[in-house]
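Enquirer: I'll drop the sequence and a predicted model, then ask my questions.
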Amino acid sequence: MNTPARRLRWPAFLVVFASFALSNADAAAQEPSAEWLQGTHAFRHVLQLRQLAPVQAFEDLAEKPAQTILIVLGDTRILEENQRTIPLFLRKGGALFVATDHELPGWKNDRYTWAGRFGVEFLGQPVLGDMEACYQQNDQCPWIFPTDRGSPLFTNLQYRVATNRAGCLSVGLSPPPKPRMLHALANFGKRSWHRGIYQPDRIFAVGGTWDAGRVLFLADHSIFINNMMLQADTGNVGFTYNCLDWLSAGGDERRNRVLLYDGGKLVTDFNVPLVYPTPRMPDDPVALFDELVAGLEDENAHNKLLFQAAGYPGEVDEHTAFQRILAWVAVILVSVLAIYLLMRLIRARHRLDTTAPLLAPTLSRFAPVGAGLAQRQADLLREGNLWEPARALARDFFETALDTPEPPTALPPFQADVGWSARRLLDRLVHHLWRLAYDSKPERIAPASFAHLVAQLDELRAALADGTLRFQTQATS
């Protein structure tokens, strides 16, 4: 004869199962799905807020390249399949934005891969950081910081930018025939590791001008997923605005078209829903109940409960009658609970107001105050120090004058067909420009000095053109 605990085993299991299912149903109704959190709805909404129109096909890049930004997140096969198209797109004024944590060979292995053409190598995830310098002290989510050069990507951010299992970049030398200037724009913290090797200032972002266009490379595309963009204590949304603003500017006209590839798939619609998606019911809730009923049948629980409740076989004593009442109460309670569970599963709905725009307030709250490039120029003028643009002009002069396949390491000898006193002034000017271009120590350049420097560079270029000034590399070439 079975004990009372044996008779009530299945009813007790039903109570536990029903409570567990109800708690899961409530949790699912209050939280968005994991698939949605890994999506890029917030990123696409930022594209729409910046009034960037989607391009419908890769072939449409050739229509208005000077007004177009090609964005590739994650999977970069589209770039590998169109390696000859990308350089032409940039020469015509287009902009390229690639963010991926995948392993991609660069200049060290093959200069003629798409990444190798830019002198950049993508090293796969993850970069680990010191827990104190990571988001929520997760060593796989290190913060990133602007480089000493100054980066337009961090202008007016209220919070720091968090990564999510990011890779890192390695930058080599790129062919210099035309104006191509790529710089590190963002690094990880001072204490970071990649594949067990410690190295400070690992590069996260590289960007700059390339022919008539602009390029920006990031070592992580997960910073743009919904789960990272919608955190209230990160600056990922503002960072997104700054990236897009910087890529949109810098040409004869604003780039207002975007060809977006997300995970290898073309995205042609930036008008995404502004609310969290409603969680779905289980694909087959009937199968769940069928499995439960089958378990009851395997133990013949139905007949046992009926026999015990009816007192079969023979007479029953007071104790047995009491146990019979308990069994019926358990059956009734479990039946009511099962009906209530079924009603809750059928009527379960998202608890958030589906008519309220949830993403729009979040994204607008983190928007930077001004465009990155314009803000940077205003900061330089306000500080009264134009050293950065002066150094860029000086480097451009020597790269054009020397015309060598590698950046110069030392000032080559030069000749000047001018008088003795003028030659001394010219010698002093050339050496000053060389220190300005390649010395690591900054020099204060006031706006008035910057205007004088521009005039001096024009005179030197004229001297190079008429042969009055000659560098030794020109004479021997």
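Expert: Right, received. Where do you want to start?
Enquirer: okay, CA-based contacts and neighbour counts for the rest of this
Expert: Fine.
Enquirer: excluding sequence neighbours, find me the nearest residue to Cys243.
Expert: Leu153 (5.7 Å; Cα to Cα, 6 or more residues apart in numbering).
Enquirer: count the residues that sit near that neighbour.
Expert: For Leu153, the neighbour count with other Cα atoms under 10 Å is 24.
Enquirer: test my guess that it contacts Leu247.
Expert: No: using Cα atoms under 8 Å, Leu153 makes no contact with Leu247, being 10.2 Å away.
Enquirer: just to revisit the earlier point, tell me who's in contact with the residue nearest to Cys243.
Expert: By Cα atoms under 8 Å, 6 or more residues apart in numbering, Leu153 lies in contact with Pro146, Leu185, Phe239, Asn242, Cys243, Trp246, Gly372.
Enquirer: out of those, which comes closest to Leu260?
Expert: Cys243 (14.3 Å; Cα to Cα).
Enquirer: got a list of what Tyr438 touches?
Expert: Arg391, Arg395.
Enquirer: so how far is Lys64 from Pro413?
Expert: Per Cα to Cα, to the nearest Å, Pro413 is found 45 Å from Lys64.
Enquirer: who's more crowded, the two?
Expert: Using other Cα under 10 Å, the more surrounded residue of Pro413 and Lys64 is Lys64, with 14 against 9.
Enquirer: that one and Ile71, how far apart?
Expert: Lys64 sits 15 Å away from Ile71, taking Cα to Cα as the criterion.
Enquirer: do the same with Glu406
Expert: With the distance defined as Cα to Cα, Glu406 ends up 30 Å from Ile71.
Enquirer: of the two, which one has the most company?
Expert: Set side by side, Glu406 and Ile71 show more neighbours around Ile71, with 18 against 13, by other Cα under 10 Å.
Enquirer: the more buried one pairs with what?
Expert: Beta-bridge partners for Ile71, by DSSP bridges, are Phe97, Leu260.
Enquirer: low-confidence ranges in the stretch 301-450 of the chain?
Expert: Residue ranges of the stretch 301-450 of the chain with pLDDT under 70: 301-322, 348-380, 405, 407.
Enquirer: what are the boundaries of the helices in the stretch 1-150 of the chain?
Expert: 4-7, 9-30, 34-37, 41-49, 77-80, 85-91 (DSSP state H, counting those that start in this stretch).
Enquirer: please apply the same query to the stretch 251-400 of the chain.
Expert: Under the criterion DSSP H, counting those that start in this stretch, the stretch 251-400 of the chain contains helices at 285-298, 301-310, 318-347, 359-365, 372-383, 387-402.
Enquirer: follow-up on the earlier one: among the helices of the stretch 1-150 of the chain, which gets the worst mean confidence?
Expert: Across the helices of the stretch 1-150 of the chain, helix 4-7 has the smallest mean pLDDT, namely a mean of 38.
Enquirer: quick check: buried residues in stretch 140-150?
Expert: Gln140, Cys141, Pro142, Trp143, Ile144, Phe145, Pro146, Thr147 (16 or more other Cα atoms under 10 Å).
Enquirer: again but with stretch 431-445, I slipped
Expert: Buried, per 16+ other Cα under 10 Å, within stretch 431-445: Leu433, Trp434, Arg435, Leu436, Ala437, Tyr438, Ile445.
Enquirer: what's the residue nearest to Cys243 sitting at in phi/psi?
Expert: Phi and psi for Leu153, reported as degrees, to the nearest 10, are phi -80, psi -10.
Enquirer: contact partners of stretch 133-149?
Expert: 126-131, 153-154, 160-166, 184-189, 204.
Enquirer: recalculate using a threshold of 10 Å.
Expert: For stretch 133-149, contacts defined as Cα atoms under 10 Å, 6 or more residues apart in numbering pick out 125-132, 151-155, 160-166, 183-193, 201-205, 223, 233-234, 388.
Enquirer: pLDDT score assigned to the nearest residue to Phe58 once chain neighbours are set aside?
Expert: In space, and not counting its chain neighbours, Phe58 is closest to Leu259: 7.2 Å by Cα to Cα, 6+ apart. Listed pLDDT for Leu259 reads 97.
Enquirer: my read: Leu259 touches Thr268, true?
Expert: Yes: using Cα atoms under 10 Å, Leu259 is in contact with Thr268, at 7.8 Å.
Enquirer: apart from its neighbours in sequence, what residue is nearest Ile225?
Expert: Thr40 (4.8 Å).
Enquirer: that neighbour contacts Ser222, correct?
Expert: Yes: Thr40 lies in contact with Ser222 (Cα under 10 Å); the separation is 9.1 Å.
Enquirer: can you pull the residues that touch both of those two?
Expert: With Cα under 10 Å, 6+ apart, Thr40 and Ser222 have common neighbours Leu73, Met228, Met229.
Enquirer: so what's the first one up against?
Expert: I take that to be Leu73. 40, 97-101, 218, 220-222, 224, 260-265.
Enquirer: if we can go back for a sec, distance check, the residue nearest to Cys243 against Ala99.
Expert: Using Cα to Cα, we find Leu153 at a distance of 14 Å from Ala99.
Enquirer: and what of Asp130?
Expert: Distance from Asp130 to Ala99, by Cα to Cα: 23 Å.
Enquirer: okay, those two: which has more neighbours?
Expert: Ala99 (25 against 18).
Enquirer: for that one, give me the pLDDT.
Expert: Per-residue pLDDT puts Ala99 at 97.
Enquirer: surely it meets Thr240?
Expert: No: the criterion here is Cα under 10 Å, and Ala99 misses it with Thr240 at 11.6 Å.
Enquirer: so what sits against both of the two?
Expert: Ile223, Phe224.
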